[in-house]
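1. Sequence isn't available, so here's the structure alone:
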């Protein structure tokens, strides 16, 4: 079992910090990058892959993958990651045992933490704390290359493609339905 966290980014063990809110194939892209020798997965990757920007420079380029918010919520719920990712984005800790109802109660406008998470990286970019690129899912390889180039990272995207999202969704709990309703009109502008 992973520690609760919060956990710092070990900049010495990565070349690029790849983060996402979950449900947007960030692991597939990390696998592709790792195969090229680009280090994206430190030992504590599971704790930092959905973590807000710390507000101080980590000294490495950052790629933030986001988008397709409602299907991302459904995907995380289907794979049983929604609560864990909400805890990481809202609180910076690994606490999958916190019920979704607590996030709805404590963060009524942003129960999964999408806005808090994305705003932390927008602020880091606007304040030139770190080099940050946003990549909106689903994306083309050309869009990924542009994002990487903007943070001075060279990734060969040949052979990479996003797979079609699985659409088999299980019945939703009332809390997940409430969360989906909260984000129906959510759209983050980089």
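-> The structure has been received and is ready for your questions. This is a predicted model, so every value here is computed, not measured.
2. all contacts plus neighbour counts: C-alpha atoms, from now on.
-> Noted.
3. The helix or strand of the chain with the lowest mean pLDDT packs against which elements?
-> Lowest on mean pLDDT, DSSP states H and E among the helices and strands of the chain sits helix 45-48, with a mean of 88. If you count contacts as 3 or more C-alpha pairs under 8 Å, 6 or more residues apart in numbering; DSSP states H and E, helix 45-48 packs onto no helix or strand.
4. List the buried residues in that helix.
-> In terms of neighbour count (16 or more other C-alpha atoms under 10 Å), helix 45-48 has its buried residues at 45, 47-48.
5. which regions of the protein sit below the pLDDT cut-off?
-> Filtered on pLDDT under 70, the chain yields the residue ranges 1-6, 167-171.
6. Please repeat the previous calculation with a cut-off of 90.
-> The model of the chain has pLDDT under 90 over residues 1-8, 43-47, 78-79, 92-96, 163-172, 189-190.
7. and the helix or strand where residue 65 lies, how far from the chain's centre?
-> According to DSSP states H and E, residue 65 maps onto strand 62-66. Centre-to-centre, strand 62-66 and its host chain are 7 Å apart (C-alpha atoms, centre = their mean, to the nearest Å).
8. Equivalent analysis for stretch 71-87, please.
-> The chain centre lies 11 Å from the centre of stretch 71-87; the measure is C-alpha atoms, centre = their mean.
9. One more: stretch 182-190?
-> Using C-alpha atoms, centre = their mean, the offset of stretch 182-190 from its chain centre is 15 Å.
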